[in-house]
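Novice: here you go, sequence then predicted model.
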Amino acid sequence: MLQGSPLILGINEGADVLKEIYAKFDEITLGESKYHVMERGVCIKSEEFGCTEEIHSYRFATPWLALSQDNYHRFQNASREEKRELLRKILVGNILSASKGLGYVAKEHIRLEVGRMQDEICLLKGTKVTGIRGEFTATFAIPDFMGLGKSVSRGFGAVIDLKLPENKI
């Protein structure tokens, strides 16, 4: 959900499936909520994904679920700088994991810096979890609205390029 509207993103084969079922549903169920499809829009485009020479700036449009039970306690007891370094390492791992899922192998070192980050309480399947909102820069191209971290299929961790105009989300 972005600004109260559902968004479905398909990558590679997922985009093909979305094209096939685009007009077949008049109602979508997300969690416990049902939404009548009042308006449809589709945007098909090729996006860059992978290591780049240039630095890209991003922010999380939806909370990023970065912390496992194990690293949650480390995060809570860490200094501000230790938290930033922990989040940096987790985010690099999330990018590498997403890359693997898309069949991409990062052949170069990913330079990544975490900007200002703030934690917030989120609900995941009725359980309170810690989500992170904030910004980061990386020498890695990520398509707008692609999710990183845990529960991306539930809308968590959606990334947008900071060059994307605010009225486009």
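Specialist: Arrived safely. Numbers count the residues shown, from 1 in each chain.

Novice: check the gap between Glu41 and Tyr22 for me.
Specialist: Small correction: residue 41 is Gly, not Glu. 10 Å (C-beta to C-beta, to the nearest Å). Using the backbone N, CA and C atoms, a C-beta is placed for each residue, glycine as well.

Novice: the more surrounded of the two?
Specialist: In this view Gly41 and Tyr22 are compared by other C-beta atoms under 10 Å, and Tyr22 has more residues nearby, 12 against 6.

Novice: ok, and what's touching stretch 105-114?
Specialist: Stretch 105-114 is contacted from outside by 50-51, 55, 84, 87-88, 91-92, 95-96, 99, 134-140, using C-beta atoms under 8 Å, 6 or more residues apart in numbering.

Novice: PyMOL command for the buried members of those?
Specialist: Restricted to buried positions by 16 or more other C-beta atoms under 10 Å, the PyMOL selection for the contacts of stretch 105-114 reads:
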select buried, resi 50+51+84+87+88+91+92+95+99+134+136+138+139+140
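
Novice: over to Asn94: give its phi and psi.
Specialist: Asn94 adopts backbone torsions of phi -60, psi -40, taken as degrees, to the nearest 10.

Novice: so it makes contact with Ala66?
Specialist: Yes: with contacts counted by C-beta atoms under 8 Å, Asn94 reaches Ala66, the gap being 7.3 Å.

Novice: between the two, which contacts overlap?
Specialist: Gly149.

Novice: can you pick out the residue with more neighbours from these two?
Specialist: Ranked by neighbour count (other C-beta under 10 Å), Asn94 and Ala66 place Ala66 first, with 26 against 20.

Novice: for that one, give its distance to Leu148.
Specialist: In terms of C-beta to C-beta, Ala66 sits 9 Å off from Leu148.

Novice: same check, this time on Thr139
Specialist: Counting by C-beta to C-beta, the gap from Thr139 to Leu148 is 15 Å.

Novice: can you check Arg40 too?
Specialist: From Arg40 to Leu148 the distance is 27 Å (C-beta to C-beta).

Novice: what is the neighbour count of the residue lying closest to Ala138 once chain neighbours are set aside?
Specialist: Spatial nearest neighbour of Ala138, excluding adjacent residues (C-beta to C-beta, 6 or more residues apart in numbering): Leu112 at 4.2 Å. Using other C-beta under 10 Å, Leu112 has 19 other residues around it.
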